[in-house]
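Undergrad: Provided below for reference: sequence and predicted model.
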Amino acid sequence: KGLVKRFGAFAAVNGVDLVVKKGEFHSIIGPNGAGKTTLFNCLSGLLPLTGGQIFFRGEDISRLPANRAVSKGIARSFQITSIFKELSVFENIRISVQAVTRRKFDLLARTERLWEINEETRSILHEVGLSDKATMLASNLSHGDQRLLEIGIALATRPQLLLLDEPLAGLSAGESARITEFIRQLGKDVTILLIEHKIDSVLALSEKVTVMHRGQVIAQGSPSEIEKNPSV
């Protein structure tokens, strides 16, 4: 609500009012430099606000750091894929699963004895379609599978709100279609706020679209309303 994030004299996010309803698939579009990722960084606790408030499920979370935002049920992916490339696919997911359990500080436990955590890890791997690649090093995955792994790391925290920052960036046409369909199915179970430059995918996936330019919201509405909006 009325979010502001200033860098010197420049407001990267300038008075943005945004409402995302539970269960909604909501996308944010706009040119490079519009403030979309900065908005995500504010919502997920990576950047402090210089004005405005963030409410999540009725609670003011405006000043929570990123780890506390995750504990409240907010998870995200990044423009540049953020995974542990020298760990296996299974280990990437398991670390995220363990991080939100009472065993998160149990660094000396033998991992094969973490039965519930390992079972949840296998469930997430199945959900993102990477079960058959569990033992592979993450660095050896295709770009598309690395994107799926990163989404899996976010899903391992069992979020109620998932922030996806350009998940289709740099993908081939085939990988883009595959992950678009995965995200479509994912939207049936979790509230999604998506940043994406592939407008065809945005219009096909979204129930509501917000358009940003120079740090401000210039339009909001259904995909058909946004298509017809002369300002957009």
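TA: Good, I have the coordinates.

Undergrad: Which residue ranges of the chain form strands?
TA: 3-7, 10-16, 25-29, 55-56, 59-60, 74-76, 161-165, 191-195, 208-213, 216-221 (DSSP state E).

Undergrad: can I get these in a markdown table with mean neighbour count?
TA: Every residue, glycine included, has its C-beta placed from N, CA and C. Shown next, in a markdown table, are those (neighbours: other C-beta atoms under 10 Å):
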| stretch | mean neighbour count |
| --- | --- |
| strand 3-7 | 17 |
| strand 10-16 | 19 |
| strand 25-29 | 23 |
| strand 55-56 | 14 |
| strand 59-60 | 10 |
| strand 74-76 | 25 |
| strand 161-165 | 24 |
| strand 191-195 | 23 |
| strand 208-213 | 22 |
| strand 216-221 | 17 |
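
Undergrad: Of these, give the one that comes closest to residue 142.
TA: strand 161-165 (18.4 Å; C-beta to C-beta).

Undergrad: mind listing what that closest one pairs with, with the direction of each?
TA: strand 74-76 (parallel), strand 191-195 (parallel) (DSSP bridges).

Undergrad: quick one on the thing from earlier: weakest of the strands of the chain in terms of mean pLDDT?
TA: Averaged per stretch, pLDDT over the strands of the chain is lowest on strand 3-7, reaching a mean of 70.

Undergrad: and residue 220, what is it in contact with?
TA: Contact analysis of residue 220 by C-beta atoms under 8 Å, 6 or more residues apart in numbering lists 208, 209, 210, 211.

Undergrad: Just list whatever residues bridge to it.
TA: According to DSSP bridges, beta-bridge pairing links residue 220 with residue 210.

Undergrad: How many residues are close by residue 172?
TA: 11 (other C-beta atoms under 10 Å).

Undergrad: For residue 222, which non-adjacent residue is spatially closest?
TA: residue 208 (6.4 Å; C-beta to C-beta, 6 or more residues apart in numbering).

Undergrad: okay but that neighbour is in contact with residue 23, surely?
TA: No - taking contacts as C-beta atoms under 8 Å, residue 208 lies outside contact range of residue 23: 11.6 Å.

Undergrad: and residue 212, how far is that from residue 116?
TA: 41 Å (C-beta to C-beta, to the nearest Å).

Undergrad: cool, residue 27 as well?
TA: 35 Å.

Undergrad: swap in residue 53?
TA: Distance, residue 53 to residue 116, by C-beta to C-beta: 37 Å.

Undergrad: Tell me who's in contact with residue 142.
TA: With C-beta under 8 Å, 6+ apart, residue 142 has these contacts: residue 175.
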